[in-house]
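Engineer: Sequence and predicted structure below; questions after.
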Amino acid sequence: MFLFTMSKIWYHLLNSHSLMHSCYLVCLLTSKQSNALKRKLQSPHGNPPLKRKPPVNAFKKCATETNIREKGSLSQKSLPKKQLTDNRNESQKSKPFIKTSSLFRNNPDIPKIHRKAVQQIQESIFTADSFSQLDLHPHLISTITTVLKICSMTNVQKETIPVLLQGKDALVRSQTGSGKTLAYGIPLVQSLQGMKTKIKRSDGPYALILVPTRELAIQSFDTIQKLLKPFTWIVPGVLMGGEKRKSEKARLRKGINILISTPGRLVDHIKSTECIHFRRTQWLIIDEADRILDLGFEKDVTVILNALNAEKETRQNVLLSATLTEGVTRLADISLNDPIRISIADENQKSLKPALQADKEASSPSSCMDQENFAVPEKLKQYVMMVPGKLRLVTLAAFILEKCKFEKRHKMIIFFSSCEQVEFHYDLLLNVLSGGLESEQPKHSSVSSVHLEFLRLHGNMEQEERTEVFQEFLKSKTGILLCTDVAARGLDLPQVTWIVQYNAPASPAEYIHRIGRTARIGCHGNSLLVLAPSEAEYVSLLASHKINVSEIKMEKVLSSLMKDDRFKLPRPRSKKSCGTDPQEVRERATVLQTKFENYVHSSEVTVRWAKKALQSFLCAYAAYPRNLKHIFHIKSIHLGHMAKSFGLRDAPQNLTALPTTGSKKKTEPRPKSLLGAPFLHQESEIP
Ligand SMILES: Nc1ncnc2c1ncn2[C@@H]1O[C@H](COP(=O)(O)OP(=O)(O)OP(=O)(O)O)[C@@H](O)[C@H]1O
C-alpha cells in the first residue's frame, strides 16, 4: 500500500514535468493548502475521492428570486460594504480550510462532435432599391436618408412596406438584424401622417406596438420618434413595467397616438386606467410575436385583443419575428385577418425561383409552422466548445481575457440562464479578472493597463439601472455584458463582436435570437456556445435546424492564460515558460481557479451568493423542455464538479432543482400550453 501510494506521488510529480516545478506549485500555496494537496496525493488513487451526486429528489424547494434580491443582491451598488468587510475579516480570522482544485482530473471525456454538415439558410439582406421608389411622403424619405442615414431598402423592407401600405394584414419573417422595425415603422408613419383628418394628440392611440421587453420598447420608441421628426403632431409614447404608473396615466390622459408597450403593463392600464381607450386604433403590431407568446403573455394578448375589438372591430394587424414557430401560428389565427405571409427566401430557393425576390404569398398562417429551419446571418461565425463542469469558470474567464484583454476591441454579450448567475458572475469576474488583481500584475506588463468593463442586465434589476446599463452598452465600443434572455430579442446593440452562450438556450429559436445580437445588417460577428460533454447532442439538434457550428478546443482557449502573468507560477530562471506547455497552462488555470475560490470563500456572503447562483442554475437546468431532457438532464450534472464552476470548494448540501413557486416578481401566470416550459430561461416583463 505504502509503495503504491509513493509510486502515485512520483507519478504526479513526474507528470508535473519536474520535481522542482512541483515544489514551486506547493510553495505558492499556504501551508494549509499544501497539506490539502499532500492529502490529495496520498489518496490511494492519486485523485480526490469522487463525490456522490445527491439525488434530484433530495433537493429542497428553490429560494425565490425575490427572496434572493431582498436578502442580498450581488450588485456592487447594493453590497453592504461594511457587512462584506466584516464578513471577510471574520472569515479570514478563522481561515477556512483551503483546498487547491484538482481541476484536470476525474473529468468526463470530451466526445468527438459528429455532425452532419448542413447547408445553412442564408438570406441576402440588401436590395439595390431606394426608398424613393416607394410612394412615401418626401419628408419621410428625407428623414430616412438624413436622420437614419439609410439609402437602400433591405429585402424585408422592400417586400413588407408595399403590402402594409395597401392596408393588408401581414405575418413577416426575416433573419435577425435585417431591418424589420423600419419595415413596419415606415408604412405606419406614412399612413398616419396622411390621414384625411389631421391627427390630434387627444385622439389617443391610432397604433399599438407590442414588444416583449422594456429595452426593446425603448429602442422601438426611439426609431418611431426619429421617423416622426417631420410630423410633430403625431405623438409616440412608451408604457412599460418598472416605470411609474402615475406618470404613465398622466401621459395617457394627455394623449399618445402611437403606443409602444410591453403586454403586462398595457393590461395593467386596461384594467386600472380609465382614460385609456382604443376607439381609433387602426394598427396592431406585435414584434417578436413568438416570444410574446412564449413568455406566457398569451392571456395578456387575449385581454388586449378583446379590449381593442370591443371598441373597434377592423384594424390592420402585423406580426413579425425572425423565427416563426407554432406559437405564432396560434397567435396569428386569433389576431390576423386574411394575412399576407412574407418570408424572405433562402438563397438556394431563390436560385430555383429566380423570378421571386422573396417567397411572398397569400396563404394561411398555418404554413408558417413549416419554417423550422432558421436563417443565420451570412457573416456570422458560430462556434461550440465542450467544457467539463469543473473547468467552466476558468475557461470562460480565459475566453474573456483572450478576446477582451489581449485581442482588445471586442464587445461581448454573455448569456446565462438566471438572474442570480448573472449577478454572481458579474461580481466574481469584476473582482477577480478586472480591477481586483491589477496590483498583482508585474509593473512592466503591457496587459495590466487594459481594463475589462463588465455590465449586467436582467429582469430583477431596478428599471432605472436597467435603462442606464442598456444605454451605456449601446454607446460603448467595447465591454462585456452579462445578461439573461431579457437581452436576447430584438435589441440592436451596435458593434457587438462576440455572443457567448454560457448556458445553452432552451430552443433553437432562442439560439437564433441570441446569436442575432451580432452580425447585424451585414456586419461580421462571432458566437460561442459552451456545452458540457454530456450535452454534445445539442450540436446535432442545431444541425437538424440547419445551424452549423465549428468546434473550438477548450485547451486552446485555456492556453491564452499564458499571456497573463498574474496566473504564472514562480519558476527557476533556467526553465523559461514556453508558449503552450500544456502542463503550465493547467497550472495557470489552477492558479486562476484558486483565485476564484479564494474570492468566493472570502466571506460568508459571497459563499451564500455562489450557492444561490448554483441553485438557480440547477433550477434552470431542471426546467429544460421535455423534448430536450435527453440532452439536458439534471441527473447528468455532477454537483461537486459544477460547484467548482461557481468557485465553491465543495458541493453544497440541501440545494434545490425545483422551480420557484412563491416569487411575486416572477410568477407571471402561464397559460396551460406553456406548462413545463423552462423556468428562469424566460423572464417575464411584468409591471
Ligand atoms: N435599409 C437599411 N439600410 C441600412 N441599415 C438599416 C436598414 N434598415 C434598418 N437598418 C438598421 O439595421 C439595424 C437592425 O434593424 P432592426 O433592429 O430593425 O432589425 P430586426 O430585423 O428587427 O432584428 P431582430 O430580428 O433582431 O429584432 C438597425 O440598426 C437599423 O437602423
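Structural biologist: Received the coordinates, thanks.
Engineer: Need the mean per-residue confidence for stretch 309-329.
Structural biologist: Stretch 309-329 shows a mean pLDDT of 87 in the predicted model.
Engineer: Do me a favour and get the end-to-end distance for that stretch?
Structural biologist: Across stretch 309-329, the terminal residues are separated by 20 Å (CA to CA, to the nearest Å).
Engineer: low-scoring stretches of the stretch 101-250 of the chain, by residue?
Structural biologist: 101, 115 (pLDDT under 70).
Engineer: what's the answer for the stretch 251-400 of the chain, then?
Structural biologist: In the stretch 251-400 of the chain, residues with pLDDT under 70: 294-295, 325-327, 345-371.
Engineer: Quick check: the residue of it nearest the ligand.
Structural biologist: Distances between the stretch 251-400 of the chain and the ligand by CB to the nearest ligand atom are smallest at Ala322, namely 4.0 Å. All C-beta spots, glycine's among them, are computed from the backbone N, C-alpha and C.
Engineer: what's the neighbour count on the nearest residue to that residue once chain neighbours are set aside?
Structural biologist: Spatial nearest neighbour of Ala322, excluding adjacent residues (CB to CB, 6 or more residues apart in numbering): Thr176 at 4.6 Å. Residues near Thr176, counting by other CB atoms under 10 Å, number 26.
Engineer: helix, strand or coil for Thr176?
Structural biologist: Per DSSP: H, G, I helix; E, B strand; the rest coil, the local secondary structure of Thr176 is coil.
Engineer: Could you do Val530 as well?
Structural biologist: Per three-state DSSP, Val530 ends up strand.
Engineer: can you check Ile499 too?
Structural biologist: strand.
Engineer: what's the answer for the one 5 residues further on, then?
Structural biologist: Ala504 carries the three-state label coil when classified by three-state DSSP.
Engineer: Contacts only, for it.
Structural biologist: By CB atoms under 8 Å, 6 or more residues apart in numbering, the residues touching Ala504 are 511, 529-531, 535, 538, 632.
Engineer: If we use 6 Å, what do you get?
Structural biologist: Tyr538 (CB atoms under 6 Å, 6 or more residues apart in numbering).
Engineer: What's the separation between it and the ligand?
Structural biologist: Taking CB to the nearest ligand atom, to the nearest Å as the measure, Ala504 falls 20 Å from the ligand.
Engineer: before we move on, the earlier item: could you count how many residues lie near the residue of the stretch 251-400 of the chain closest to the ligand?
Structural biologist: Ala322: 26 neighbours (other CB under 10 Å).
Engineer: Thr467 too?
Structural biologist: Thr467 has 18 nearby residues by other CB under 10 Å.
Engineer: Spatially nearest residue to it, not counting backbone neighbours?
Structural biologist: Going by CB to CB, 6+ apart, Thr467 has Ile218 as its nearest residue, at 6.7 Å.
Engineer: Next up, identify which helix or strand the one you found is on.
Structural biologist: helix 214-227 (DSSP states H and E).
Engineer: Can you spell out which helices and strands pack onto that helix?
Structural biologist: helix 180-193, strand 236-239, strand 258-261 (3 or more CB pairs under 6 Å, 6 or more residues apart in numbering; DSSP states H and E).
Engineer: go again using 7 Å as the cut-off
Structural biologist: Packed against helix 214-227 by the contact rule (3 or more CB pairs under 7 Å, 6 or more residues apart in numbering; DSSP states H and E) you find helix 138-146, helix 180-193, strand 236-239, strand 258-261, helix 463-475.
Engineer: that older thread, run a quick check on the residue of the stretch 251-400 of the chain closest to the ligand versus Ile512, I expect a contact.
Structural biologist: Yes - counting by CB atoms under 7 Å, Ala322 does reach Ile512; the two are 6.2 Å apart.
Engineer: which residues of the stretch 301-450 of the chain fall in helices?
Structural biologist: 326-335, 347-352, 392-400, 419-429 (DSSP state H, counting those that start in this stretch).
Engineer: Run a quick neighbour tally on Phe150.
Structural biologist: Not quite, residue 150 is Ile, not Phe. 17.
Engineer: ok, now Asn627?
Structural biologist: The burial count for Asn627: 10, using other CB under 10 Å.
Engineer: what about it, distance to Leu541?
Structural biologist: 9 Å (CB to CB, to the nearest Å).
Engineer: rewinding a little: so the residue nearest to Thr467 sits against Leu239, correct?
Structural biologist: No - judged on CB under 7 Å, Ile218 makes no contact with Leu239 at a distance of 11.4 Å.
Engineer: if I look at the residue nearest to Thr467, how far off is Gln593?
Structural biologist: With CB to CB as the criterion, Ile218 and Gln593 are 39 Å apart.
Engineer: who has more neighbours, those two?
Structural biologist: Neighbour count, other CB under 10 Å: between Ile218 and Gln593, Gln593 has more, with 23 against 19.
Engineer: Wasn't that one part of a helix?
Structural biologist: Yes - membership of Gln593 in a helix is supported by three-state DSSP.
Engineer: So it is in contact with Arg392, correct?
Structural biologist: No - using CB under 7 Å, Gln593 is not in contact with Arg392, being 10.5 Å away.
Engineer: ok, and the closest non-adjacent residue to Ile260?
Structural biologist: Leaving aside its sequence neighbours, Ile260 sits nearest to Ile209 (CB to CB, 6+ apart; 4.5 Å).
Engineer: burial of the closest residue to Asn337 other than its chain neighbours, as a residue count?
Structural biologist: If the residues on either side of it in the chain are set aside, Asn337 comes closest to Asp169, at 5.1 Å by CB to CB, 6+ apart. Residues lying near Asp169 (other CB under 10 Å) number 20.
Engineer: ok, Asp169 - contacts?
Structural biologist: Going by CB atoms under 7 Å, 6 or more residues apart in numbering, Asp169 touches 316-318, 336-339.
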